[in-house]
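Asker: pasting a predicted model and its sequence here:
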There are 4 protein chains.
Amino acid sequence: MTDLKALTLVCTLKPSPNDSSSDLLARDIQGELNSRGVAGEIVRVVDHDVRFGVTTDEGDGDEWPVIRAKVMAADILVLTVPIWLGQPSSVCKMVLERLDAELGETDDQGRKSTYGKVAIVGVVGNEDGAHHTVSACLQALNDVGFSLAANAGTYWVGEAMQAVNYDDHDETPEKTASATTMAASNAVHLARLLRATQYPAPT
Amino acid sequence: MTDLKALTLVCTLKPSPNDSSSDLLARDIQGELNSRGVAGEIVRVVDHDVRFGVTTDEGDGDEWPVIRAKVMAADILVLTVPIWLGQPSSVCKMVLERLDAELGETDDQGRKSTYGKVAIVGVVGNEDGAHHTVSACLQALNDVGFSLAANAGTYWVGEAMQAVNYDDHDETPEKTASATTMAASNAVHLARLLRATQYPAPT
Amino acid sequence: MTDLKALTLVCTLKPSPNDSSSDLLARDIQGELNSRGVAGEIVRVVDHDVRFGVTTDEGDGDEWPVIRAKVMAADILVLTVPIWLGQPSSVCKMVLERLDAELGETDDQGRKSTYGKVAIVGVVGNEDGAHHTVSACLQALNDVGFSLAANAGTYWVGEAMQAVNYDDHDETPEKTASATTMAASNAVHLARLLRATQYPAPT
Amino acid sequence: MTDLKALTLVCTLKPSPNDSSSDLLARDIQGELNSRGVAGEIVRVVDHDVRFGVTTDEGDGDEWPVIRAKVMAADILVLTVPIWLGQPSSVCKMVLERLDAELGETDDQGRKSTYGKVAIVGVVGNEDGAHHTVSACLQALNDVGFSLAANAGTYWVGEAMQAVNYDDHDETPEKTASATTMAASNAVHLARLLRATQYPAPT
């Protein structure tokens, strides 16, 4: 029960040590995973020299391979993503493009490297765009082989055209806290089931 | 200056006389158009027997042809659309599918029946989904030949997972009022330019 | 191993007995489910008087409650969806809106009526729009509580702006056949796991 | 008639001198603009050190300001965008995020720096995703103030799950050539109208 591992990729545009609502949501999700016996690591993608591309290694100092190794070692992959113009951040899209390479990484029975892994998507913005961002991420992650437990997304956004951030709150907004708990609880359940019983080869 | 006409299609799921935030936003937009010399009519689509389909007339009592005649007579088409599950309403999609028929309705120089017409999209929901709804509508309307002035969308949504509606407000939220004014002002300007000087045949 | 049940909702705009590529894909998916011991029923939504709305029963002759009972009895829900203007059909959106009601249908431990059920999305069009349609459906289905196995979507579309349909082919296009097999195989695996071990109450 | 200027930002993931279908489509669009008296420049974004961010200048060697100056000098902005996982490329999203800064760049009458400029979106991929990519770009560009002529998008994609590229063709696919002509013709018309008669201040 205690040996599941999670990896969270924070897809903010801002390098550390800048404050980031995506980073805060990442810690909130990891807290829920921890309390269910899932250890985890949080990586802010822009702190690393990840290259644009769709291969597992773009060479020449590309730091994606190090992150990819962590993805491969994890049972649960969490993306936390800021909204810009109502859409997922470019850094998130860069990560999804790198994961596109897994389409070609199959075992001798035709199963992708990601089979059996479960994904969670967390989204923050000062206004509107969460459902679309979740939608884009779920589709891309599922395309490349991740499984999705019920209610795999959690998010916070403010009222239309306002400027408050998730990390401006003294306490986690109640509805978001509840969605985060649900996403984590369900993902852990599903990851345990799939860890015990992997997908068969599709024939 | 006074002879432009607008048509607003309200894409709520609820027939009259139910209250509807989409209907309220329609009246707000029409108010801005009126003050710029543009007369207009507001039609709640579900009050009419519009059929699923992608032709100009599905026959057998289909009431789309009456609405289509109003679209053809208008210089500005406004859609007001409620959000469900972060996405445009089914009634909105039904309307866009009927407008798909215009792809085949061209003049002897190959210009679609909609060329020279300008569209505005207004979106309401109690939470999240406005940008995606605007996005889906702008793309579909532009595909079938409508032009889009700068800032063609206006919207209101509340904070994540809340239940307040646009029509629960005593006064129009300030940011939305400003976006509505901008959308109307720009659309009227563009419609006048295109009314005076239609697109040439593409050769 | 043999007692899983599937329900497919065909979201074509055209009533029976019109030909429908969505209907053909539905039968292709059900064939794959059958061969894995999953019985199933296929329902063409527009053959029934389903009303616009977001409740479990809109009253006054609404036929959704009959379909909803089938959804509740199924372990696997399949949606097959035609593309119009690059987007999911209005009938698909109407179905998703009706499923929105399940957000409020929870057991005494707070689990939605859909928890433990697995969804598959199949998409057809003569051109472009499959990924977006899958994306919109996966997000909405996951929001209302369905789980998604790896590679939950299958689709066929032709080259840009062409007019060939899925049901114009003498043989199923090879890539689509393979995607359909994979979607069915994975969904059955996941549905069996969740049937045996339901999600715990999120606490 | 001859003094309009265009700028095309090619949003491929691959730096020069790699072959790029997005680059080929950029040259096709520019050819159509040239033949209508519109001079233009084509910039491959990843050949420059553009930083992630949402300001006009991220400092520290950021090369966006040089590109931004070209955008500001252009009457028509063209984005050509490759599809990955059915979605716009990360480089495209990075460009849109940088353009987000224009929301705050207004003249003394409240009009954004982009008012009067017209956008075209060109999309290529070996399969599916064009409508969604056009949709995401049109919405974001319109949000930040660009106007959109009728049929502002052109695209080519192949059949589902195939691997042929736009630049594998000996001749431009006929439907795409026609859509490119239409997008260019309409954009030039609209840009001339707006150059002659700018939007009024919204009051």
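Answerer: Received, thanks.
Asker: buried residues, the longest helix that chain A contains. List them.
Answerer: The residue-count maximum for a helix in chain A (DSSP state H) belongs to helix A:174-196. Applying a neighbour-count criterion of 16 or more other Cβ atoms under 10 Å in any protein chain shown, one finds A:175-176, A:179-194 buried in helix A:174-196. Where C-beta positions appear, they are placed from N, C-alpha and C, glycine not excepted.
Asker: ok, and which of the residues you listed reach chain C?
Answerer: Applying Cβ under 8 Å from any Cβ of the partner chain to the buried residues of helix A:174-196, one finds that A:181-182, A:185-186, A:189-190, A:193-194 fall near chain C.
Asker: tell me which parts of chain A are close to chain C?
Answerer: A:112, A:114-115, A:131, A:134-136, A:138-139, A:142-143, A:145-153, A:181-182, A:185-186, A:189-190, A:193-194, A:197, A:199-200, A:202-203.
Asker: one more time with 7 Å
Answerer: A:115, A:131, A:134-136, A:138-139, A:142, A:145-152, A:181-182, A:185-186, A:189-190, A:193, A:197, A:199-200, A:202 (Cβ under 7 Å from any Cβ of the partner chain).
Asker: restricted to strands, list those.
Answerer: With strands defined by DSSP state E, no entry of the residues of chain A next to chain C lies inside them.
Asker: what residues does chain A have near chain B?
Answerer: Residues of chain A found near chain B (Cβ under 7 Å from any Cβ) are A:86, A:128-132, A:155-161, A:173, A:175-176.
Asker: try 10 Å
Answerer: A:83, A:85-87, A:123-125, A:127-136, A:153-162, A:164, A:166, A:173-176, A:178-179 (Cβ under 10 Å from any Cβ of the partner chain).
Asker: of the residues of chain A next to chain C, buried ones?
Answerer: For the residues of chain A next to chain C, burial is judged from neighbour counts taken by 16+ other Cβ under 10 Å, and it is met by A:115, A:131, A:134-136, A:138-139, A:142, A:145-152, A:181-182, A:185-186, A:189-190, A:193, A:199, A:202.
Asker: quick one: which of those sit in helices?
Answerer: Using DSSP H, the members of those that fall within helices are A:131, A:134-136, A:138-139, A:142, A:181-182, A:185-186, A:189-190, A:193.
Asker: could you measure from the residue nearest to residue A:151 when sequence neighbours are not counted over to chain D?
Answerer: Distances taken as Cβ to Cβ, 6 or more residues apart in numbering or on different chains place residue A:182 nearest to residue A:151, at 5.0 Å, with adjacent residues excluded. When Cβ to the nearest Cβ, to the nearest Å is applied, the distance between residue A:182 and chain D equals 26 Å.
Asker: how near is residue A:182 to residue B:201?
Answerer: Distance, residue A:182 to residue B:201, by Cβ to Cβ, to the nearest Å: 56 Å.
Asker: what's the spatially most central residue of chain A in contact with, if anything?
Answerer: Among the residues of chain A, the one closest to the centroid is residue A:79, at 1.8 Å (Cα atoms, centre = their mean). Contacts for residue A:79 (Cβ atoms under 10 Å, 6 or more residues apart in numbering or on different chains) come out as A:7-11, A:22, A:26, A:45, A:88, A:91-92, A:95-96, A:99, A:119-123, A:133-134, A:137-138, A:140-141, A:153.
Asker: helix, strand, or coil at it?
Answerer: strand (DSSP: H, G, I helix; E, B strand; the rest coil).
Asker: in the sheet, who's paired with it?
Answerer: Counting by DSSP bridges, residue A:79 is bridged to residue A:9, residue A:121.
Asker: that older thread, mind giving me the PyMOL select for the residues of chain A next to chain B, buried ones only?
Answerer: With 16+ other Cβ under 10 Å as the criterion, this PyMOL line picks the buried residues out of the residues of chain A next to chain B:
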select buried, chain A and resi 83+85+86+87+123+124+125+127+128+129+130+131+132+133+134+135+136+153+154+155+156+157+158+159+160+161+166+173+175+176+179
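Asker: filter the residues of chain A next to chain B by proximity to chain D?
Answerer: Among the residues of chain A next to chain B, the residues lying close to chain D (Cβ under 10 Å from any Cβ) are A:85-87, A:132, A:136.
Asker: now, among those residues, which is nearest to chain D?
Answerer: For those, the closest approach to chain D (Cβ to the nearest Cβ) belongs to residue A:85, at 4.4 Å.
Asker: the closest one reaches residue D:139, doesn't it?
Answerer: Yes - with contact defined as Cβ atoms under 10 Å, residue A:85 reaches residue D:139; the gap is 7.4 Å.
Asker: now do the shared contacts for the two.
Answerer: Common neighbours of residue A:85 and residue D:139, using Cβ under 10 Å, 6+ apart, are B:131, B:135, D:96.
Asker: excluding chain neighbours, what is closest to the first one?
Answerer: The reference is to residue B:131. residue A:86 is the one closest to residue B:131 (Cβ to Cβ, 6+ apart), at 2.4 Å.
Asker: would you agree that neighbour is in contact with residue B:130?
Answerer: Yes - counting by Cβ under 10 Å, residue B:130 is a contact partner of residue A:86 at 7.4 Å.
Asker: residues shared between the contacts of the two?
Answerer: A:127-129, A:131-132, B:153, B:155.
Asker: part of a helix, is residue A:155?
Answerer: No - with three-state DSSP as the criterion, residue A:155 is located in strand rather than a helix.
Asker: which residues does it contact?
Answerer: Contacts of residue A:155 (Cβ under 10 Å, 6+ apart): A:25, A:80-81, A:83, A:121-125, A:129-131, A:133-134, A:166, A:175-176, A:179-180, A:183, B:86, B:127-128, B:160-161.
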